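Engineer: Quick one: sequence and predicted model below, then my questions.
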Amino acid sequence: MNTVLNLELNSEVDRTYIVGREGHIYIGDLSVSREHAELKFIDDEIYLRDLNSTNGIYLINNNKAVRFYQGYVEPNQSLMIGRKKCTVQKLIDISLRTSGLPTISQSKTPIVDGYSN
């Protein structure tokens, strides 16, 4: 894990965020459930869990989407939450913004379709 990301995760240890239309990490799309997923930081690792969402979570590997229910993920992992494609790192960036902690990226580009800072 790179040093910068490690510093960010240290400040997030044992924190849990809800991803969804009404979550800490907001994704504004009807294909995303109100409380779609849980993103948890555990001992410098990232744990992602589907909260029985309607449209699920899919990991994208070699242009193939594979259904994902729960487990540890890497920051550079591409995934789909509902119909919205992003990376785990983008979710982390949003979680850092919502927690008020400093972030690496302060760009004005959308993080997840339908969300911008």
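Structural biologist: Perfect, I can see it now.

Engineer: how about the biggest helix by length in the chain: buried residues?
Structural biologist: The longest helix of the chain (DSSP state H) is helix 88-99. The neighbour-count check on helix 88-99 (16 or more other Cβ atoms under 10 Å) flags 88-97 as buried. Any C-beta I mention is one placed from the backbone N, CA and C, and that applies to glycine too.

Engineer: same check, this time on stretch 60-68
Structural biologist: Neighbour-count burial for stretch 60-68, counted by 16+ other Cβ under 10 Å, picks out residue 68.

Engineer: As PDB, could you dump the C-alpha coordinates of it?
Structural biologist: Extracted in PDB, the C-alpha atoms of stretch 60-68 (Å, rounded to 0.1, in the frame of the first residue of the first chain):
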ATOM      1  CA  ILE A  60     -14.700  -5.300 -12.800                       C
ATOM      2  CA  ASN A  61     -11.800  -7.400 -13.800                       C
ATOM      3  CA  ASN A  62     -10.600  -7.700 -17.400                       C
ATOM      4  CA  ASN A  63     -13.800  -5.900 -18.600                       C
ATOM      5  CA  LYS A  64     -16.000  -8.600 -16.900                       C
ATOM      6  CA  ALA A  65     -18.400  -7.700 -14.100                       C
ATOM      7  CA  VAL A  66     -18.400 -10.300 -11.300                       C
ATOM      8  CA  ARG A  67     -21.100 -10.100  -8.500                       C
ATOM      9  CA  PHE A  68     -19.500  -9.100  -5.200                       C
END
